[in-house]
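Undergrad: Have a look; sequence and predicted model below, questions after that.
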Amino acid sequence: MAAAFDALGERDKEVLRLALWEELPARQAAKVLGCTTATFHVRLYRARTRLRHHLTTGTTPAPRALTTLGRADA
């Protein structure tokens, strides 16, 4: 689950965090994101779909190599 979650983009992660971890109602989560409630519902649906895809296919991004300074290469 953690690897699938990490494979998501930041927008998807934020939507899922607000809905699942913070348990905010859609209206409040939309306010946090600065969008309408309808837009929040669409983003949540898409984020769940992408998470489900990563869970069922096992696809995760390739690990990024660290530079000598300890930062990930872009």
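TA: Looks like it arrived, so ask away.
Undergrad: Could you say which helix or strand holds the residue most central in space within the chain?
TA: By C-alpha atoms, centre = their mean, the chain has its centre lying nearest to K13, at 2.0 Å. For K13, the element it lies in under DSSP states H and E is helix 10-16.
Undergrad: returning to that earlier point: mind listing what the residue nearest to the centre of the chain touches?
TA: Residues near K13 by C-beta atoms under 8 Å, 6 or more residues apart in numbering: 5, 47. Backbone N, C-alpha and C define where each C-beta goes, glycine included.
Undergrad: run the last query once more with 10 Å
TA: By C-beta atoms under 10 Å, 6 or more residues apart in numbering, the contact list for K13 reads 5-7, 47, 51.
Undergrad: Would you mind checking which of those residues is nearest to R27?
TA: A47 (17.6 Å; C-beta to C-beta).
Undergrad: The closest one and H41: what is the separation?
TA: 11 Å (C-beta to C-beta, to the nearest Å).
Undergrad: ok, now A4?
TA: From A4 across to H41, the span is 21 Å (C-beta to C-beta).
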